[in-house]
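Trainee: Any chance you can model this:
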Amino acid sequence: MSKVTKEELLSVAELAMLELTDEEVEMYAQDLSAFMAYADKLNELNTDGVEPMTHALQQVNVMREDVVADVLDREEMLKGAKEHQDGEIKVPTILSE
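Mentor: Numbering: from 1, shown residues only. So this is what the prediction gives:
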């Protein structure tokens with residue numbers, strides 16, 4: 001069983017730029033030790049013949065055919081714009097030259 005020492009925890013906390021109180025160090029060391037013990041327990045399982053997976057649920061992407069179509073009428077769309085010119089929507093300038 002893996003036990004996370006206070007020194008190991010403080011080393012990782014330093015790398016992560018975390019400041020921990022003595023109480024937090026004690027609590028997190030115990031918690032991480034429990035997680036590591038659980039991981040060790042899982043490593044005991046026989047996984048021969050088990051296919052690796054990236055997600056617990058089977059997911060399939062449903063792709064539609066990519067067809068070019070006019071979805072919106074340009075003039076109808078421009079009616080909803082505050083300002084437009086030459087078929088394009090005008091927006092406020094945000095970058096100066």
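
Trainee: where's the lowest-mean-pLDDT helix or strand in the chain relative to the chain centroid, distance-wise?
Mentor: Taking mean pLDDT, DSSP states H and E as the measure, the helix or strand of the chain with the lowest value is helix 74-78, at a mean of 86. The chain centroid and the centroid of helix 74-78 are separated by 37 Å under Cα atoms, centre = their mean, to the nearest Å.

Trainee: just stretch 19-26 next, same as before
Mentor: The answer for stretch 19-26 is 27 Å, by Cα atoms, centre = their mean.

Trainee: that older thread, what residues does the least confident helix or strand of the chain touch?
Mentor: 84, 87, 89 (Cβ atoms under 8 Å, 6 or more residues apart in numbering). C-betas here are computed from N, CA, C, even on glycine.

Trainee: Mind pulling the model confidence for the residue in the chain sticking out farthest from the centre?
Mentor: In the chain, the greatest distance from the average C-alpha position (Cα atoms, centre = their mean) is reached by Asp86, at 41.3 Å. pLDDT for Asp86: 89.

Trainee: how much space between it and Ala16?
Mentor: 53 Å (Cβ to Cβ, to the nearest Å).

Trainee: Which helix runs longest in this protein?
Mentor: Counting residues, the longest helix in the chain under DSSP state H turns out to be helix 22-43.

Trainee: just to revisit the earlier point, out of the contacts of helix 74-78, list just those in strands.
Mentor: When these are checked against strands (DSSP state E), the matches are 84, 89.
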